[in-house]
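Enquirer: dropping a prediction and its sequence here:
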Amino acid sequence: MDNVKKVRTSDIELKDRLVSIQRVTKVTKGGRTFSFSAIVVVGNENGIVGYGLGKASEVTSAIAKGVEDAKKNLVRIPVLNGTIPHFQEARFGGSQVIIRPAAPGTGVIAGGAMRAVLESVGIHNVLAKSKGSSNPHNLVKATFAALLELRDPITIAQVRGVKLSKVFNG
């Protein structure tokens, strides 16, 4: 993933979406200690998105930490006319995701964790499928892996050193 483009947060307005919150337990000599783990996705719904993990003894603190972590990991994703440029598959751990472009009016056909990521990016028409593990952490990471592999036609033309029309006509 050498094509990751980091983004500065100073001048963009981000919306956060809570993907998952888990109550986790640490067993100590004195009994059980409960805390919360939250995975959060933030994005400007215009191609910039990031995810983060927050852990704390209170739910609100865990979410706030997740949002701060997500703001540190923002990346830019190519979005063309409200959909993705091309079909893409990716895996992370036991989760596998498949995303493909869709015609205008289709909507976001995706489940849970994938939906939160795709909506935060600003994709309005996409067909998505998750296979294997439904663990929200792995699904979010697999979705990000797929989105980071996407390339728009302008980038492809620059890499190949040809004109944009040549990319489409072969």
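Expert: Yes, it's here. Model, not experiment: these values are computed from the prediction.
Enquirer: so where's this structure shaky on pLDDT?
Expert: 1-11, 170 (pLDDT under 70).
Enquirer: quick one, strands of it?
Expert: Listed in chain order, the strands of the chain (DSSP state E) span 15-28, 31-43, 48-56, 75-76, 88-92, 95-101, 108-109, 126-132.
Enquirer: name the strands paired with the second one and say parallel or antiparallel.
Expert: Yep, that's strand 31-43 we're talking about. strand 15-28 (antiparallel), strand 48-56 (antiparallel) (DSSP bridges).
Enquirer: returning to what we had before: for the strands of the chain, which one sits closest to Ala146?
Expert: Nearest of the strands of the chain to Ala146, taken as CB to CB: strand 88-92 at 3.6 Å. (Glycine included, C-beta is placed from N, CA and C.)
Enquirer: with just CA atoms, put the closest one into CSV.
Expert: Written as CSV, here are the backbone C-alpha positions of strand 88-92 (Å, rounded to 0.1, in the frame of the first residue of the first chain):
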residue,chain,number,x,y,z
GLN,A,88,-12.0,-4.5,-6.0
GLU,A,89,-11.5,-7.3,-3.5
ALA,A,90,-9.5,-7.4,-0.3
ARG,A,91,-8.8,-9.5,2.8
PHE,A,92,-7.8,-8.8,6.3
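Enquirer: tell me which of the strands paired with strand 31-43 sits most buried.
Expert: Stretch with highest mean neighbour count among the strands paired with strand 31-43: strand 48-56 (a mean of 22; mean count of other CB atoms under 10 Å).
Enquirer: so what's the gap between that strand and the chain middle?
Expert: Offset of strand 48-56 from its chain centre (CA atoms, centre = their mean, to the nearest Å): 10 Å.
Enquirer: mind putting the strands paired with strand 31-43 in TSV, distance to Thr143 included?
Expert: Converted to TSV, the strands paired with strand 31-43 look like this (distance: least, CB to CB, whole Å):
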stretch	distance to Thr143
strand 15-28	10
strand 48-56	9
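Enquirer: if we can go back for a sec, closest one to Glu149 among the strands of the chain?
Expert: Across those, closest to Glu149 is strand 88-92 (CB to CB), at 5.5 Å.
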